[in-house]
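**Q** Attaching a predicted model along with its sequence, questions to come.
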Amino acid sequence: MTVFSYTACTAEGRKIHGIIEAESAPAAARMLMERGETAVRIEELRTLRLPQETRQWLSRRGGVTDEERIAFFQELSALLAVGLPMHRALERLRDGVGESSPSGRLLHDLHHAAVQGMPLSQAMETKQQIFSPVLVGMVRAGEESGSLDVVLGAAASFLTEEHRMREALWSALLYPLFLLVAVVLSIALMTVFILPIFAALLADLHANLPLPTQLLLTASAQIADAPAATVFVLLAVPLSIGLLLRIPSVRFLCDRCILRLPVVGVFIRCRAWQMILCVLAVLLRSGIRLDRAIALACTATGNRALRRQLSSIEQRLIEGRSLTQIMADDPYLPSLVRGMLAAGEEAGELERILPQAAEYCARRAEIIGQRVAALAEPIMIVIVAGLIFFA
C-alpha cells in the first residue's frame, strides 16, 4: 500500500486535507468518493524509509510517526462528529491498533485518562514528546468551545501540510547535507591528524601562507595544546545556548527576531496566523465572545512574540476598541488579511471571513515553503563549495 496526501471537497463545499493509504492514486480517489469527498489533489508521500533495526529502536523509545498522529486526529474527529463520547471514541481507536506499538500504547494511555474523567488536552499535555504545545492549545480551545471535532479536523489538516512541506524540504536537503557532513568531517580530521605533521615543515619554509591555511594551522595547534579544553568548548557552547533559550526574555527576543526574518519569518507568520484564524473561526461560531476567543487562540501558536501581541489585542478589545483599529498597526499580520478582517467586522460577518483569511495564509505559506525547498539545495551546495575552497 502507498501513502498519499490529498486535498478534497466535502458535499458542503468545505476543503479538507488528509493522508490516505491506497494501491494507487485512482484507488485513493475512489475511496474518497465512497466517503462523499471529491478529490482535488492527490500526491504520493515520498518518505525516507529507515532500516528495520532503526524503526524497532524508535518503537522502543515510544516514537509515533507523523502519519499516525494525522490519522489519530482525523479518526477521532470523525468519531466525535457522529456523537460518540470521548472514552468510547478512544476505545474504538485503541481496539483497532495493537497495544504493543507506540501508537497503541498512546491510545491506551489516552483512553485510560478519559475513563478517569481527564480532558483530552490535559492527557495530551502529559505526552509532550508526541503532541506539541500548539496542538494541546488547539484541543483545549476546542473543548472550551464545544467544537472539539471541528478543531481536531483542522489540526489534522495542519499536520498534513506541515508533514508534506517537511518531507519536500528534507528531500531537497538530503544530498547537500550529506556533502556538508562529509566536508566538515574531512576538515576536522585534516586539522587534528594531518596538519600537525606538516606544521613544522611549513614553518621551516618561511613562506607566506594563505589566510585559510594559517587559520587551520592555528586551530590545529590549539587542539594539540589543549584537547580537553577544545572538547569542553564544543560541548559547552550548544549546552549554553540551550540553557539561554529557556530564559523567557531570551526566548521572546529570539521568537521576535525569527518573525522579522525576510523569508523564513514570513513563512512562520503565515503558518501561525493560519492556525490562529482557524481556531478563532471555530470559537466565534460556537458563540464565544471575541476577546475570550482571542485569549484561547493564543495557545494555537508557540511563538512568544505572537502570543504577547494577541494578549495585547485581547486587552484592547476589553477596553472597547474595535478589531479593525487594533489590527491596523499589527506588524505580524499580512496586510491583505488586515483588510479582510476589517471588511468582515464592518459587514458583521467576521465568522465567515476568518476561514477565508486562514485559507489565504495557508496558500501563502505553501508558496513560500515551495520556494524555500527549491532554494535550499543550491544554497547548501554553495556553502559546501565555500568550505571546500576554504580548506
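**A** Good, I have the coordinates.

**Q** Now the element after the host helix or strand of F232, going C-ward?
**A** Per DSSP states H and E, F232 falls inside helix 227-244. Counting by DSSP H and E, the next helix or strand C-terminal to helix 227-244 is helix 248-259.

**Q** Extract the CA atoms of the helix or strand following that next one and return them as PDB.
**A** Per DSSP H and E, the first helix or strand lying C-terminal to helix 248-259 is helix 264-285. Output of helix 264-285 as PDB, limited to C-alpha atoms (Å, rounded to 0.1, in the frame of the first residue of the first chain):
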ATOM      1  CA  VAL A 264      11.600  32.200   6.900                       C
ATOM      2  CA  GLY A 265       9.900  34.800   9.100                       C
ATOM      3  CA  VAL A 266       7.100  35.400   6.600                       C
ATOM      4  CA  PHE A 267       6.600  31.700   6.400                       C
ATOM      5  CA  ILE A 268       6.400  31.200  10.100                       C
ATOM      6  CA  ARG A 269       4.000  34.200  10.500                       C
ATOM      7  CA  CYS A 270       1.700  32.800   7.800                       C
ATOM      8  CA  ARG A 271       1.600  29.300   9.400                       C
ATOM      9  CA  ALA A 272       1.000  30.800  12.800                       C
ATOM     10  CA  TRP A 273      -1.800  33.100  11.600                       C
ATOM     11  CA  GLN A 274      -3.400  30.200   9.700                       C
ATOM     12  CA  MET A 275      -3.800  28.300  13.000                       C
ATOM     13  CA  ILE A 276      -4.900  31.300  15.000                       C
ATOM     14  CA  LEU A 277      -7.500  32.400  12.500                       C
ATOM     15  CA  CYS A 278      -8.800  28.800  12.100                       C
ATOM     16  CA  VAL A 279      -9.200  28.400  15.800                       C
ATOM     17  CA  LEU A 280     -10.800  31.900  16.100                       C
ATOM     18  CA  ALA A 281     -13.400  31.000  13.400                       C
ATOM     19  CA  VAL A 282     -14.400  27.800  15.300                       C
ATOM     20  CA  LEU A 283     -14.600  29.700  18.700                       C
ATOM     21  CA  LEU A 284     -16.700  32.600  17.300                       C
ATOM     22  CA  ARG A 285     -19.000  30.100  15.500                       C
END
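
**Q** I'd like the next helix or strand past helix 264-285.
**A** In N-to-C order, the element after helix 264-285 by DSSP H and E is helix 290-297.

**Q** In CSV, list the C-alpha atoms belonging to whichever helix or strand comes after that following helix.
**A** Remark: after helix 290-297, the chain's next helix or strand is helix 304-318, criterion DSSP H and E. Extracted C-alpha coordinates of helix 304-318, given in CSV (Å, rounded to 0.1, in the frame of the first residue of the first chain):
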residue,chain,number,x,y,z
ARG,A,304,6.0,34.0,22.3
ALA,A,305,6.1,37.3,20.4
LEU,A,306,2.8,36.5,18.7
ARG,A,307,1.3,35.4,22.0
ARG,A,308,2.2,38.7,23.5
GLN,A,309,0.7,40.5,20.5
LEU,A,310,-2.5,38.5,20.9
SER,A,311,-2.7,39.2,24.6
SER,A,312,-2.4,43.0,23.8
ILE,A,313,-5.2,42.7,21.3
GLU,A,314,-7.4,40.9,23.9
GLN,A,315,-6.7,43.7,26.4
ARG,A,316,-7.6,46.5,23.9
LEU,A,317,-10.8,44.7,22.9
ILE,A,318,-11.8,44.6,26.6
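
**Q** that older thread, using CSV, write out the CA atom coordinates for the helix holding F232.
**A** Below are the C-alpha coordinates for helix 227-244, written out as CSV (Å, rounded to 0.1, in the frame of the first residue of the first chain):
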residue,chain,number,x,y,z
PRO,A,227,42.5,18.9,23.6
ALA,A,228,40.4,18.7,26.8
ALA,A,229,39.6,22.4,26.6
THR,A,230,38.6,22.1,23.0
VAL,A,231,36.2,19.2,23.8
PHE,A,232,34.8,21.3,26.7
VAL,A,233,34.1,24.3,24.5
LEU,A,234,32.5,22.1,21.8
LEU,A,235,30.1,20.7,24.4
ALA,A,236,29.6,23.9,26.4
VAL,A,237,28.6,26.2,23.6
PRO,A,238,25.4,24.2,22.5
LEU,A,239,24.6,23.5,26.1
SER,A,240,24.8,27.2,27.0
ILE,A,241,22.7,28.2,24.0
GLY,A,242,20.0,25.6,25.1
LEU,A,243,20.0,27.0,28.7
LEU,A,244,19.8,30.6,27.4
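
**Q** did I read that right, Y6 in a helix?
**A** No: looking at Y6 with DSSP: H, G, I helix; E, B strand; the rest coil, it is strand, so not inside a helix.

**Q** Could you double-check that E314 lies in contact with A297?
**A** No: using C-beta atoms under 8 Å, E314 is not in contact with A297; the gap is 9.2 Å. All C-beta atoms are positioned from the backbone trio N, CA, C, and that covers glycine.

**Q** out of those two, which sits in the more crowded spot?
**A** A297 (27 against 20; other C-beta atoms under 10 Å).

**Q** okay but the more buried one is in contact with V279, surely?
**A** Yes: using C-beta under 8 Å, A297 is in contact with V279, at 4.6 Å.

**Q** which neighbours do the two share?
**A** A141 (C-beta atoms under 8 Å, 6 or more residues apart in numbering).

**Q** Return the helix or strand in this structure with minimum mean pLDDT.
**A** For the chain, using mean pLDDT, DSSP states H and E, the weakest element among its helices and strands is helix 52-60, scoring a mean of 41.

**Q** Please list all residues in contact with I197.
**A** By C-beta under 8 Å, 6+ apart, the contact list for I197 is empty.

**Q** what's near enough to touch the most centrally placed residue in the chain?
**A** What sits nearest the mean C-alpha location of the chain, by C-alpha atoms, centre = their mean, is E162, with 5.7 Å. Neighbouring residues of E162 by C-beta under 8 Å, 6+ apart: 66, 271.

**Q** Could you check the angle the helix or strand where it lies makes with helix 264-285?
**A** Using DSSP H and E, the element containing E162 is helix 148-189. Per axes from the mean of the first three to the mean of the last three C-alpha atoms, to 10 degrees, the angle that helix 148-189 makes with helix 264-285 is 160 degrees.
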